[in-house]
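**Student:** Sequence and computational prediction follow.
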Amino acid sequence: MTISLNWRVLSFGLLLTGSAALSPAAVAKPPVAAVVQSAPASRRPGHAAVASANFLATRAGLEVLRQGGNAFDAAVAVASMLSVVEPESSGIGGGFMAVLHRAKDGRNVFIDARETAPAAVDAKDYVNPDGSPNRDTALSGPLSAGIPGEPAGLVLIAQRYGRLALQQSLAPAIRLARAGFKPDPRLHGAIAEEQKVLQRWPASAAKYLRNGQAPAPGAIWRDPEQARTLERLAQHGDDGFYHGGTAQKLVDAVRAAGGNWTLADLAGYQAKERTPVSVDYRGYKIITAPPPSSGGVAIAEILNILSGYDLAAMDQVQRVHYIVEAMRRAFRDHNAYLGDPDFVKMPLAMLLSPYYADGLRQSILPDRATPSSMLPRAEPADAGMHTTHFSIIDADGNMAAVTLTVNTILGSKFVAAGTGVLLNNEMDDFALVPNKPNVYGLLGSKANAPVGGKRMLSSMSPSIVIGPERTMVIGSPGGSTIITQVLEGILHFIDGENAQQIVAHKRFHHQYLPDVVMVEPGTFDAATSAALEQMGYTLKQREPWGFMNVVTWDRKTNQLDAASDPRRPSGLGQVQ
Ligand code: GLY
């Protein structure tokens, strides 16, 4: 359909250019940004809940809680167990981002265990002689791997926030890696799918294949090398992974296969504590991920725009229209501005300001989609599609929202010989080749260009939502759709839905470019789809979505609820 330009669309373009040109200093005091303290919960739940994408991981968390651990010890147990049982999504060769809430003092903190580029990163490695992007080096093998952040992040959480020794929290994963387990159908499918790539490296084939083929379903799976690596981490903390024997093996394996890591890259890695993004919306405080994730800033910007509408009083078409337009504008900014805060100056005060959101809201027509081409141009960037998330609340009201990733399924597919560590392919989350599309057909931005020691931009959006009576811990995998899935979960929670309803809800997504609304089949009925198309939207069905894991706490009735996304049958949300 053709959309004719009218004066409002034109004035919108001008208005946005004006707003986007505001310097950070133009908004003196950000009224919604960077609030770190929230009131401590008025009561303790008295029992605990864990929701993750794998029942063995949920049980590891519950086991550690029963032993006297808190939500943070349980987070270490769940994350390390996922490294063993769900390696297609996350692991100690990857990274994570977490929002933690400590009940005793109300402290909210963001843990940044994102991977970094090795010092010798060279953008030329990701370009073919004809100038086209080299998708193979970006996605497979050691050049695609960033320096892992998960081990350092787990040590940090255990040492600064846990109650138990790291050995105790890592024990369930080490035990199961030795004893063995039956991989779920998703892991089997991932290995079958990636069989050819896994065959390229002997240590990858040895770990995941039997006689060069994916093992038969039902076979018992053991991972003694990863157990030994986890054990060294348990005994020596950071030194057990980033120095000494493990570090040497990682570097030797990477370099022997054509990579460029050095011992100094590993020794220099640090997990970081950062101030979360915090935004108030309809009486709820949303505590979420700051850069190097784009998630929290985008969620805050969308909520600030939506706060000017009475969504509850609208029909579905009108509500979806305003939500999509808010998504479009937030994703444009995400592409234009965001990167690693240690390397890039970002106008966060502006992006998080309600006054900035007011300007964006005024640019939204009530009855018409805004073509993305009408917005000031910003190069799009994206993150991977495969990740995992878990949520925990313990008996004292401590909370952990943790999203973990090796990027695409089975990461780089490269296992470092002698370590059992499957490396991520997170380098593809950088804008590796300017103005050339990445694996998802999207282009890259300067703020996210690769530099040694820099963290690649992520969409991971672990979040905690604290309302007058109810609290929720939420997150999801899904690449760039993580942001909009978490946003929709937050809106459903504020509308009063329970954990099961929130994870099961059908979802939709818009990310500025491509200019389409991606829709889960069954989200809109025919009349709604037709009305949205009439307004100028292009709808495109997309699978898969999810897999969200949510824990809620009704502080009035003191009821905990845990729900794992029904799209992933191996998941488990459990209250104990
Ligand atoms: N690799 C997925 C993300 O960090 O968003």
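**Tutor:** Ah, there it is.
**Student:** where's residue 207, which helix or strand?
**Tutor:** helix 202-208 (DSSP states H and E).
**Student:** Got the confidence number for the residue of the stretch 201-350 of the chain found nearest the ligand?
**Tutor:** Using Cβ to the nearest ligand atom, residue 293 is the residue of the stretch 201-350 of the chain that sits closest to the ligand, at 7.3 Å. Just so you know, the C-beta spots here come from the backbone N, C-alpha and C atoms, and that holds for glycine as well. Residue 293 is assigned 96 on the pLDDT scale.
**Student:** how about the nearest residue to residue 253, chain neighbours excluded?
**Tutor:** Of all residues not flanking residue 253 in the chain, residue 416 sits nearest, at 3.8 Å (Cβ to Cβ, 6 or more residues apart in numbering).
**Student:** What lies in contact with stretch 254-266?
**Tutor:** Stretch 254-266 has contacts (Cβ atoms under 8 Å, 6 or more residues apart in numbering) with 116, 118-122, 125, 141-143, 145, 147, 201, 241-243, 247-248, 250-251, 414, 416-417, 423.
**Student:** Counting only strands, which of those make the cut?
**Tutor:** Under the assignment DSSP state E, the contacts of stretch 254-266 contribute residue 416 to strands.
**Student:** Buried only: go through the contacts of stretch 254-266 for me.
**Tutor:** Burial by neighbour count, 16 or more other Cβ atoms under 10 Å: within the contacts of stretch 254-266 this picks out 116, 118, 121, 125, 141-143, 145, 147, 201, 241-242, 247, 250-251, 414, 416-417, 423.
**Student:** Please list the residues of the chain that sit near the ligand.
**Tutor:** 383, 384, 387, 405, 407, 426, 429, 458, 459, 460, 479 (Cβ under 6 Å from any ligand atom).
**Student:** any chance of the residues you listed in JSON lines, plus pLDDT, secondary structure and neighbour count?
**Tutor:** Formatted as JSON lines, those follow (pLDDT from 0 to 100; DSSP: H, G, I helix; E, B strand; the rest coil; neighbours: other Cβ atoms under 10 Å):
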{"residue": "383", "pLDDT": "41", "secondary structure": "coil", "neighbour count": "28"}
{"residue": "384", "pLDDT": "41", "secondary structure": "coil", "neighbour count": "28"}
{"residue": "387", "pLDDT": "93", "secondary structure": "coil", "neighbour count": "28"}
{"residue": "405", "pLDDT": "97", "secondary structure": "strand", "neighbour count": "33"}
{"residue": "407", "pLDDT": "95", "secondary structure": "coil", "neighbour count": "31"}
{"residue": "426", "pLDDT": "96", "secondary structure": "helix", "neighbour count": "31"}
{"residue": "429", "pLDDT": "91", "secondary structure": "helix", "neighbour count": "31"}
{"residue": "458", "pLDDT": "93", "secondary structure": "strand", "neighbour count": "31"}
{"residue": "459", "pLDDT": "92", "secondary structure": "coil", "neighbour count": "32"}
{"residue": "460", "pLDDT": "96", "secondary structure": "coil", "neighbour count": "32"}
{"residue": "479", "pLDDT": "87", "secondary structure": "coil", "neighbour count": "24"}
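**Student:** Extract the C-alpha set from stretch 304-312 and format it as CSV.
**Tutor:** The C-alpha coordinates for stretch 304-312 follow below in CSV (Å, rounded to 0.1, in the frame of the first residue of the first chain):
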residue,chain,number,x,y,z
ASN,A,304,7.8,6.6,28.8
ILE,A,305,6.1,7.0,25.4
LEU,A,306,3.2,4.7,26.4
SER,A,307,2.7,6.5,29.7
GLY,A,308,0.9,9.3,27.8
TYR,A,309,-1.9,6.9,26.6
ASP,A,310,-4.7,5.2,28.4
LEU,A,311,-4.0,1.8,26.8
ALA,A,312,-6.6,0.0,29.0
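**Student:** If you average the pLDDT over it, what comes out?
**Tutor:** The average pLDDT for stretch 304-312 rounds to 97.
**Student:** How about stretch 65-83?
**Tutor:** In the prediction, stretch 65-83 has an average pLDDT of 98.
**Student:** Now it: buried residues?
**Tutor:** Quick answer for stretch 65-83 (16+ other Cβ under 10 Å): 65, 67, 69-83.
**Student:** ok so, going back, for the residue of the stretch 201-350 of the chain closest to the ligand, what are its contacts?
**Tutor:** Counted by Cβ under 8 Å, 6+ apart, residue 293 has contacts 97, 114, 457, 458, 459, 460, 461.
**Student:** Great, nothing more from me.
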